[in-house]
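Novice: need coordinates for the below:
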Amino acid sequence: MQSESLQKMYLSTNQNTIASWMKNRGIGDSKKDHYYDPLKLALAAGIKPTVPDCVSQLIDELNGLTKDDSLADTLPTQGFHFTFLPLTLPLYKVNEPLPEKVDQLTNIWTEYHAKKIIIRQLRLVALPSQLLLAGIPDCSAIDMRRSFCEKVLDSQWNNELLTRHTGGPLPAPFWHSTILRYRAAFLPATVRQFFIERQAMNFGDVAEELILAKVNYNWTKCFPLEN
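Specialist: Here you go, the predicted structure:
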């Protein structure tokens with residue numbers, strides 16, 4: 001996906017989300033369950049870049065706004081990450097050995113291990129019940145992700161990858177970090193206003209080397225796989 005198309009997609013997503021908020025003033029039904037299993041780990045590829053000062057401030061402000069709201073799950077700064085390609089659902093306990101076929105995955109990954117990717121022009125993107133920090137990847141990152149995805153689809157990890165992306169495109173178009181998950185149908189009015197006041201802000205760029213890891217849902221637990 002080209003930069004201009006991705007820019008338009010982020011903008012249209014925000015417009016659609018605001019429209020849905022206008023039709024639904026309250027938070028709607030709350031969710032008893034988490035978005036993902038909070039204890040089990042998944043396999044994923046991505047980057048854990050240094051947190052820019054402006055992003056750290058953004059997360060601090062969001063934490064201050066939601067600290068008394070039990071439905072809000074704000075990303076801790078130590079979990080700041082951008083997923084290159086999520087490979088499985090959370091399937092594994094922390095100390096559970098991975099299946100033998102993981103060797104095939106690490107062999108595929110050799111071509112991409114420690115390659116640096118850059119994601120530029122970070123901005124807030126809102127979904128009805130989530131806030132994302134999303135940006136524009138460099139062309140080489142887009143090509144690498146497409147290539148890696150195709151190789152995994154052609155491997156013994158095909159089913160896990162397809163199951164992880166049930167109901168959505170593969171690979172997913174956004175390059176993002178989820179900074180807030182809200183366990184209800186819609187974000188509360190305070191967080192909506194927070195987003196609206198900051199939706200035009202540019203939070204800079206991030207760059208880091210790719211890793212393949214066993215991670216929890218927000219990457220606060222991250223165990224890189226040995227290549």
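Novice: return the residues in contact with residue 218.
Specialist: Taking Cβ atoms under 8 Å, 6 or more residues apart in numbering, we find residue 218 in contact with 73, 75-76, 79, 178. (C-beta placed from N, C-alpha, C; glycine too.)
Novice: which one's the longest strand in this protein?
Specialist: strand 116-127 (DSSP state E).
Novice: residues contacting the helix or strand just after it, please?
Specialist: Using DSSP states H and E, the helix or strand that follows strand 116-127 towards the C-terminus is strand 130-137. With contact meaning Cβ under 8 Å, 6+ apart, strand 130-137 is reached by 3, 6-7, 10, 55, 58, 62, 82, 117-126, 145, 174-182, 187, 191, 195, 203, 205-206.
Novice: now with 6 Å, please.
Specialist: 3, 6, 10, 119-122, 125, 174-181 (Cβ atoms under 6 Å, 6 or more residues apart in numbering).
Novice: ok, now stretch 43-54?
Specialist: So stretch 43-54 is contacted by 77, 80-88, 203-204, 206, 208, 210, 212, 214-215 (Cβ under 6 Å, 6+ apart).
Novice: circling back to that earlier point, ChimeraX command for the buried members of the contacts of residue 218?
Specialist: Applying 16 or more other Cβ atoms under 10 Å to the contacts of residue 218, the buried members can be selected in ChimeraX as follows:
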select :73,75,79,178
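Novice: list the ones among the contacts of residue 218 that fall in strands.
Specialist: Going by DSSP E, the strands hold 73, 178 from the contacts of residue 218.
Novice: any chance of the contacts of residue 218 in CSV with distance to residue 133 and pLDDT as columns?
Specialist: Below are these laid out as CSV (distance: Cβ to Cβ, whole Å; pLDDT from 0 to 100):
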residue, distance to residue 133, pLDDT
73, 15, 95
75, 9, 96
76, 14, 96
79, 12, 96
178, 8, 97
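Novice: many thanks, have a good one.
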